[in-house]
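Peer 1: Sequence and computational prediction follow.
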Amino acid sequence: MDISVQEKRGLSKKKGFLFWTVLLIILLAITVVSAIAIGSTYIPPGEVYKVLLSKLSNGMLFGDVGTIMTQNIIWEIRFPRVLLGAMCGAGLALCGVLMQCVTKNPIAEPYILGISSGASCGAVAVIVLGGISTMGINSISTGAFVGSIISGVLVFAIGTQMGKTTSTTRLVLTGMAISTIFSALTNLLIYSADNSNQAKNALFWTVGSLGGAKWDVLLLPFIVLIIVIIASFMMSKSLDILLLGDDSAIILGINVKLIKSIILILATLLTSSLVAITGAIGFIGLVVPHVCRTIAGSDHKKLIVPSSLIGAIFLIISDIFARGLFPPIEIPIGIITSLVGGPFFLYLISKKNYAFGGKE
């Protein structure tokens, strides 16, 4: 009888997880089409749907749909932007899950290693020091990527002594120190800017934007995101055990130093590849994992999927507001995510029955 009851409970949880997964996938598809439709030139969702299927099937479905201008707006401008938003939202949410697990800290996020500060410093250095004129517009993303990698390497080398220690306190404090140093350098660069236009561009970049979305910049973050998702699934059991504490994990046969080192390296690479294109977009990696824990609990195999989907949906919707609140002016998307995410996070932690790890 007990076995039967347990089997029924397990089946019920599995059905509930599948329901949420299917629902979130449907919501993501609706959000993608809506985001492409909304803009300075409104395009009916039905036409967006047909153009996307036509392009994706190389004309086998629906043939030529809409005018050439409409096709270019959808395929060359809006669709890459929406895809970047989906990848960035999913990636930051996933990195938030991983960092909260590694540090066992409910307020940890992807930027806890100072990656956003390093990226900001690299990008602002290119803007202020005139790198755009000599190396082209992609030099900003290159500078941001280099800065974020340098920050991540420094934190990993100092905070973990090249993987020799598992102290989360040392890691977090190192990240805070590195972040402070790069933030100071960024402010110094902005202060030394030759004109107000440079300072404005630098400040706009530090709070995030999806305006740099192009087809040729999407491949790297997509590949890294897929690798991190697959690796996270493969390590999901180890992630669950890490929440019990390092001592318990070691007793259960987990190589804590190796697992933590792999997670830190993967999270650094993913966050760096995203931040290099979008800038620092806050609160997604902090808020989304907590929201998903109220749905999926602390089982990482179940937590990874809804976190990625909700992160993608949240950032795409935020971008719709960033583009549409004060047209034709575009608000930095980081402002929207902070204004929405901050109050929601306060509401979440004010619930009496909420705890880190969610409902089991």
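Peer 2: Perfect, I can see it now. The structure presented is a predicted model; accordingly, all values stated were derived computationally and were not measured.
Peer 1: What is the burial count for residue 78?
Peer 2: 22 (other C-beta atoms under 10 Å). C-beta coordinates here come from the backbone N, C-alpha and C atoms, glycine included.
Peer 1: Quick check: it touching residue 39?
Peer 2: Yes - using C-beta atoms under 8 Å, residue 78 is in contact with residue 39, at 6.4 Å.
Peer 1: okay, stretch 63-77 in PDB with CA atoms only?
Peer 2: Backbone C-alpha positions of stretch 63-77 (Å, rounded to 0.1, in the frame of the first residue of the first chain) are rendered in PDB as follows:
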ATOM      1  CA  GLY A  63       6.400  30.400 -49.800                       C
ATOM      2  CA  ASP A  64       6.800  34.100 -50.100                       C
ATOM      3  CA  VAL A  65       4.800  35.900 -47.400                       C
ATOM      4  CA  GLY A  66       4.600  39.600 -47.000                       C
ATOM      5  CA  THR A  67       6.700  42.300 -48.600                       C
ATOM      6  CA  ILE A  68      10.500  42.300 -48.800                       C
ATOM      7  CA  MET A  69      10.600  45.100 -46.200                       C
ATOM      8  CA  THR A  70       8.400  43.100 -43.800                       C
ATOM      9  CA  GLN A  71      10.500  40.000 -44.200                       C
ATOM     10  CA  ASN A  72      13.700  42.000 -43.500                       C
ATOM     11  CA  ILE A  73      12.200  43.600 -40.400                       C
ATOM     12  CA  ILE A  74      11.100  40.200 -39.000                       C
ATOM     13  CA  TRP A  75      14.100  38.100 -40.000                       C
ATOM     14  CA  GLU A  76      17.000  40.500 -40.000                       C
ATOM     15  CA  ILE A  77      16.100  42.900 -37.100                       C
END
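Peer 1: give me every residue that touches residue 128.
Peer 2: Contact partners of residue 128, counting by C-beta atoms under 8 Å, 6 or more residues apart in numbering, are 189, 190, 192, 193, 194, 198, 202.
Peer 1: again, but for residue 199
Peer 2: Taking C-beta under 8 Å, 6+ apart, one finds 190, 193 in contact with residue 199.
Peer 1: Run the chain-centre distance for the host helix or strand of it.
Peer 2: Following DSSP states H and E, the helix or strand that holds residue 199 is helix 196-206. When distances are taken as C-alpha atoms, centre = their mean, to the nearest Å, helix 196-206 is centred 22 Å away from the chain's centroid.
Peer 1: Including neighbour count, could the contacts of residue 128 go into TSV?
Peer 2: Listed next are the contacts of residue 128 as TSV, based on neighbours: other C-beta atoms under 10 Å:
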residue	neighbour count
189	21
190	19
192	11
193	18
194	10
198	19
202	22
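Peer 1: Whichever helix or strand residue 271 is part of versus helix 196-206: what angle between them?
Peer 2: Per DSSP H and E, residue 271 falls inside helix 256-278. Calculated by axes from the mean of the first three to the mean of the last three C-alpha atoms, to 10 degrees, helix 256-278 forms an angle of 140 degrees with helix 196-206.
Peer 1: Closest to residue 118 out of the contacts of residue 128?
Peer 2: residue 189 (13.0 Å; C-beta to C-beta).
Peer 1: So which bits of the helix holding residue 271 are buried?
Peer 2: Residues of helix 256-278 classed as buried by neighbour count (16 or more other C-beta atoms under 10 Å): 256, 259-278.
Peer 1: Over to stretch 221-230?
Peer 2: So stretch 221-230, judged by 16+ other C-beta under 10 Å, has buried residues 221, 222, 224, 225, 228, 229.
Peer 1: can you tell me how far the residue positioned nearest the centre of the chain sits from residue 264?
Peer 2: When C-alpha atoms, centre = their mean is applied to the chain, the residue found nearest the centroid is residue 92 (1.9 Å). Here residue 92 is placed at a distance of 16 Å from residue 264 (C-beta to C-beta, to the nearest Å).
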